[in-house]
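> 3D model of this:
(chains A, B and C)
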Amino acid sequence: MKYEPLPTRPGIRFEDAARAALDNTQLRRNMGKATQTIRAKRAVVVEELPDWQALREAGRAIKERTIRHLDQYLLELEASVQRAGGQVHWARDAAEANRIVTSIIQAEKAHEVIKIKSLTTDEIGLNEALLEEGIEAVETDLAELIVQLAGDRSSHILVPAIHKNRSEIRDLFQRKLGHSNLSDEPKVLAAAARAHLRRKFLTVPVAVSGANFGVAETGTICIVESEGNGRMCLTLPRVLISIMGIEKIIPAWRDFEVFLQLLPRSSTGERMNPYTSFWTGVAPGDGPRAFHLVLLDNGRSRVLADPVGRQALYCIRCSACLNICPVYERTGGHAYHSVYPGPIGAILTPQLVGVANASSLPYASSLCGACYEVCPVKINIPEVLIHLRGEVVREKQDHPTPGGPDVEGLAMKFLSYAFSDRKRYERVQKVGRVGQRLMTRGGVIDRLPGQLGGWTAMRDVFPVAPQTFREWWSARS
Amino acid sequence: MSTARDDILSRIRGALEDIPSAERSEHVAIPRRYNEQESIPHPELVDRFIARVREYKAQVRRVTQDSLAASIASACTARSVRRLLVPADLPPGWAPVAIELVVDRALTYEQLEACDGILTACTLGIAQTGTIVLDSGSGQGRRAATLLPDYHLCVIYDDQIVGLVPEAVARLNDVAHRPDRPITWISGPSATSDIELNRVEGVHGPRTLEVLVVETVRTATSTDG
Amino acid sequence: MQVSLFITCFNDTIFPKTGQAVVHLLERLGHVVDFPADQTCCGQMHYNTGYQREAIPLVRRFVEVFRDSEVVVSPSASCVGMVRELYPRAAELAGDHELAKCVEHLIPRVFELTEFLVQKLGIEDVGAYFPHRVTYHPTCHSLRMISVGDAPLRLLRNVRGMELVTLPRAEECCGFGGTFAVKNADTSMAMLGDKLRCVLDTRAEYCVAADNSCLMHIGGALHRQRAGVGILHIAEILASTEKGGHR
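Numbers count the residues shown, from 1 in each chain, chains lettered A, B, ... in the order given. Modelled structure (predicted):
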């Protein structure tokens, strides 16, 4: 299957993709277990910190400061990285970023690169772009390796292969890594991956990574990880290329005191992840001899232009909102058709690609607010979802597509008209009471026409009461 | 033709038109009302550090300065470590007897990998999170050396242990500015939960991490480089 | 206190007993209740579905109807959330400074019923009697949008004769979400299915909440399954006394 980078296919609607996912027993079981396990772990380690809310406040404020003065911080970062011996590149879009990375690799005469799990490189479709130039990108994160070997897509930003169970992974490793007698013990499978990748780490001359944070003040880049594949990639090859979305910047070294508390606890539910690497430019005699930082826009400046929506750029990719989301828990990540699934994806993707190209995503939420509650940088996801729904409707109203009448739009307009006047409102109540007689059975309505049929597929509808409250009130007084 | 840099910067400036032009970055207040320092007594801090390192499935033991070399030797023996990699500036008095020491003087990766373990100092430890921090200072070696051998034995003096993450970040401020001092935070051995969320300790880095906590003789100076 | 009742359109139309219970309860507690008959709908469905321009006339109407009220009390956390959290945005969207100012002045006087009782009046025991086994579902908007906290539970714990059973996974959404239940009917049903299982596991006679919108969702499915478990707005329990139900 060809990996699908942004932009998403506007023809695929969330509700349709979700329908298929909901029927997938394996996926439902795996997603349910995964989200509830991480959710519970997170709750324990967050509960442990008495100053959690203060950390969230600080995290949001730091990000807000950064985003409001992004141009200044980017220039500061550029200067800091250059001062420390690194090279800085700017990429307007995915194609430009891929060209930059390709040319660096080609200058090294390399035909293979090792990669640290990076959503940003997924977003720009780097692996596919490199392949077209005859360069193989080897994913070194265990889950990314599984997804890559299977020709599959990630379903979770933190644990991309969470939709696969151990026996599927065992079969895959037997097929692709030339093993004949693997057990399906996670420990055995992890050891197989270690053995497979060790040679690559020692011999491949170029590594590609994303970046969790880039510090404007010092030029320090930070990668947060668990497996040690990150340390391998950051240390052993002679050239390191890090691709960083322009929003990943933080102003000062000190700010790590906030983010290195918020991120691990929100993400994996650990007090601290096993390995966190920081490097500033090039260290003589330790690690790569050349460091390239690619600063990527690819739609981010478009997100920035929306004063309500720009808070999506505060995201530190922890995935707490995915794990808490009752929708994501049931549909999994693939239904979102983007490298950014879950609640954060539902607000980020439409902004990156334009709401018209992902118009079902802002509706992929019951607005329950759990995502906002857990977000370590307090992104008000429900607020942005509602805001983007407004954009979707305005877009639809301003550029109507040919075809049948917009039933929903007409109904909404009618109800707005009817409800903005007491007499009309009361008439609607009375008409409803008469009209429902045909549909009422045993005191309820069990079948509604058209789109509303979705409701009555599982739920009865309680009819208009014989006496409305206002009728009771006026009879009483 | 304009450069990507110019284009991106001008897009950003255009996108931020609603921000008052007189606003400076420092005008956006950052409320830092979180705890910046742990207030519990130091001995409790050390206990917490040990407990939390242990929770992440690292081996951890308390030792005394006098027994340090012997403790290092017995740790190596217990792990069948015959060839122990050490940084060129290993603190005096740490070298264990009867274990072959391989000094990292620009060894190749293959030579590093051929060692059974690596012995290093560290710059500090964080009690709150059970983290040891290497900042390429003295006795800590280069990053590849603590990565390729399958066993990492790390020595920390108990006065190197701080309470909270903010205390650690503050202490690292100066080295963070230096290209020659990459920093690595280590909390337990490498781990993955990628297969059905089952935690497996030991993937790519050293599969075993062992920490020796040395009781500080209060008059002695720390080895912190 | 002179209390203006914001009944909400679906309580008015579908669940009139809830409004009646609120009236009986507040009058029993010694307050004077009025019902401004010009009220219709807060506009939440329009606003949250993206028809924000269409919601603005309804926002204006609400503000017009209640601008002079001493306090506005509503038996719907969701509609109160709309007023408190989203009216300022709607006024901003309308570009109407006058409206924004009115909204700002009105908001501190708008309360959800249980927070009005517990947080504003400081009452936790309203003298209710309800000899049944019930479980309480904290709705998302009561919990996370307007943060009523445990106000409903405090009130329920003081109801005499009642057996209150804890609902497992209580804080998870039932899958209603307004038009979400129609637009994403399948996902909504998957969520609702789990909520129903939790409700039925409690063996309660009634599932109680502070909002009839979610109850309409849960109750619609309970009825479809002929589960024999009823839904009840918390106001109807609080209004019941040993002299008999308020009905």
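> And the biggest helix by length in chain C, what does it pack against?
Across chain C, the longest stretch assigned as helix under DSSP state H is helix C:185-201. Helix C:185-201 makes packing contacts with helix A:14-22, helix A:326-331, helix A:453-456, helix C:180-183, helix C:212-224 when contacts are defined by 3 or more C-beta pairs under 8 Å, 6 or more residues apart in numbering or on different chains; DSSP states H and E. In this view, the C-beta of every residue, glycine as well, is placed from N, C-alpha and C.
> How is chain C divided into domains?
In the assignment given by automatic domain parsing, the structural domains of chain C cover C:2-120, C:133-238.
> does the first one come close to chain A?
Yes: using C-beta under 8 Å from any C-beta of the partner chain as the criterion, contacts between domain C:2-120 and chain A involve C:7, C:9, C:11-16, C:19-20, C:23, C:35, C:37-41, C:43, C:45-55, C:57-58, C:60-61, C:86, C:89, C:93.
> Name only those of these that count as buried.
With neighbours counted using 16 or more other C-beta atoms under 10 Å in any protein chain shown, these contain these buried positions: C:7, C:9, C:11-16, C:19-20, C:23, C:35, C:39-41, C:43, C:45-55, C:57-58, C:60-61, C:86, C:89, C:93.
> Wait, a helix at A:His292?
No: membership of A:His292 in a helix is not supported by DSSP: H, G, I helix; E, B strand; the rest coil, which gives strand.
> tell me which residues form a beta bridge with it?
Judged by DSSP bridges, the bridge partners of A:His292 are A:Gln87, A:Ile241.
> Now do it, the pLDDT please.
Turning to A:His292, the model gives it a pLDDT of 98.
> That one and A:Leu202, how far apart?
Applying C-beta to C-beta, to the nearest Å, the value for A:His292 to A:Leu202 is 21 Å.
> more neighbours, the two?
Of the pair A:His292 and A:Leu202, A:His292 is the one with more neighbours under other C-beta atoms under 10 Å in any protein chain shown, namely 20 against 17.
> can you give me the strands for the stretch 301-450 of chain A?
A:440-441, A:444-445 (DSSP state E, counting those that start in this stretch).
> ok, of those strands, where does mean pLDDT dip lowest?
strand A:440-441 - the lowest mean pLDDT of those, at a mean of 89.
> Give me the contact list for that one.
Strand A:440-441 is contacted by residues A:Pro463 when judged by C-beta atoms under 8 Å, 6 or more residues apart in numbering or on different chains.
> Partner strands of that strand and their direction?
Counting by DSSP bridges, strand A:440-441 is paired with strand A:444-445 (antiparallel).
> can you list contacts of the strand it pairs with?
A:Gln436, A:Met439, A:Thr456, A:Asp460, A:Val461, A:Phe462, A:Pro463, C:Gly220, C:His223.
> what does chain B put close to chain C?
Residues of chain B found near chain C (C-beta under 8 Å from any C-beta): none.
> Just the closest residue of chain B to chain C, please.
Going by C-beta to the nearest C-beta, chain C is nearest to B:Asp18 of chain B, at 12.6 Å.
> does that residue sit in a helix or strand, and which one?
Secondary structure assigned from DSSP states H and E places B:Asp18 in neither a helix nor a strand.
> OK, contacts around it?
The neighbours of B:Asp18, taking C-beta under 8 Å, 6+ apart as the test, are A:Pro307.
> Quick check: it vs A:Val303, distance?
Using C-beta to C-beta, B:Asp18 is found at 14 Å from A:Val303.
> Likewise for B:Gly141?
Between B:Gly141 and A:Val303 the computed distance is 43 Å (C-beta to C-beta).
> Could you do A:Glu15 as well?
Remark: distance between A:Glu15 and A:Val303 (C-beta to C-beta) = 24 Å.
> got it, and A:Asn357?
Between A:Asn357 and A:Val303 the distance, using C-beta to C-beta, works out to 14 Å.
> The two: which is more packed in?
Here A:Asn357 and A:Val303 are compared on neighbour count by other C-beta under 10 Å; more neighbours surround A:Val303, at 21 against 16.
> check contacts around the residue lying closest to that one once chain neighbours are set aside.
Counting by C-beta to C-beta, 6 or more residues apart in numbering or on different chains, A:Gln351 is the residue found nearest to A:Val303 once chain neighbours are left out, at 4.3 Å. Remark: with contacts taken as C-beta under 8 Å, 6+ apart, A:Gln351 is in contact with A:Gly299, A:Arg302, A:Val303, A:Asp306, A:Gly309, A:Ala312, A:Leu388.
> One more: A:Ile135?
Shown in contact with A:Ile135 (C-beta under 8 Å, 6+ apart): A:Thr102, A:Ile105, A:Gln106, A:Ala110, A:His111, A:Glu112, A:Val113.
> Which ones among those residues lie within helices?
Members of the contacts of A:Ile135 lying in helices (criterion: DSSP H): A:Thr102, A:Ile105, A:Gln106.
> Return a PyMOL selection command for the buried portion of the contacts of strand A:444-445.
What follows is the PyMOL syntax selecting those of those that are buried according to 16+ other C-beta under 10 Å:
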select buried, (chain A and resi 456+460+461+462+463) or (chain C and resi 220+223)
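> Reformat the contacts of strand A:444-445 as CSV; add pLDDT and distance to A:Val46.
As requested, the contacts of strand A:444-445 are arranged in CSV below (pLDDT from 0 to 100; distance: C-beta to C-beta, whole Å):
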residue, pLDDT, distance to A:Val46
A:Gln436, 91, 48
A:Met439, 89, 48
A:Thr456, 91, 40
A:Asp460, 94, 40
A:Val461, 93, 40
A:Phe462, 94, 39
A:Pro463, 94, 45
C:Gly220, 97, 35
C:His223, 96, 39
